[in-house]
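In: The sequence isn't on hand, but the structure is:
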């Protein structure tokens, strides 16, 4: 049976502790590299019973980097259901970006904003 992995993208000081929870840390210091790493993790596949499957089910990314993903890149990165890209507040606090994205996803799914 195939077990998906989870990864987290962000600065070392913010994400190091997530390694203890089983997430694979991807250390970055700027948004451009963060987007490159998202594409890399999205392309990472494993062979399971002769079929290629996504290695990662979820990729968390610190909001400070997620907010700089262009709409074009976000569309490409979220075209497939896996991996799900989830913005998280960093140790510096929230920017509101993650909640804004979550509201947009829920509104698209159910047809109205139920999180306000």
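Out: Now that the structure is in, tell me what you want to look at. The model shown is predicted, which means the values in this text are computed figures rather than measured ones.
In: Would you map the helices across the chain?
Out: All helices of the chain, identified by DSSP state H, fall at 12-15, 31-43, 63-66, 71-77, 97-110.
In: Kindly provide the whole-number mean pLDDT of the first one.
Out: When pLDDT is averaged over helix 12-15, the result is 92.
In: which other helices and strands contact that helix?
Out: Judged by 3 or more Cβ pairs under 8 Å, 6 or more residues apart in numbering; DSSP states H and E, helix 12-15 is in contact with strand 24-27. Bear in mind the C-beta positions are built from the backbone N, C-alpha and C, glycine included.
In: How far does the strand it packs on sit from its chain's centre?
Out: Mean-position distance between strand 24-27 and its chain equals 11 Å (Cα atoms, centre = their mean, to the nearest Å).
In: Can you check which of the helices of the chain gets nearest to residue 23?
Out: Closest of the helices of the chain to residue 23 is helix 12-15, at 7.8 Å (criterion: Cβ to Cβ).
In: Who does the spatially most central residue of the chain form a beta bridge with?
Out: Of all residues in the chain, the one closest to the mean position by Cα atoms, centre = their mean is residue 85, 2.8 Å from it. For residue 85, the residues forming beta bridges with it (DSSP bridges) are residue 59.
In: Hmm, residue 62 and it touching each other?
Out: No - assessed by Cβ atoms under 8 Å, residue 85 is found out of contact with residue 62, at 11.7 Å.
In: now the closest residue in space to residue 90 that isn't next to it in sequence: how far from residue 31?
Out: Leaving aside its chain neighbours, residue 90 sits nearest to residue 62 (4.3 Å; criterion: Cβ to Cβ, 6 or more residues apart in numbering). For residue 62, the distance to residue 31 equals 10 Å [Cβ to Cβ, to the nearest Å].
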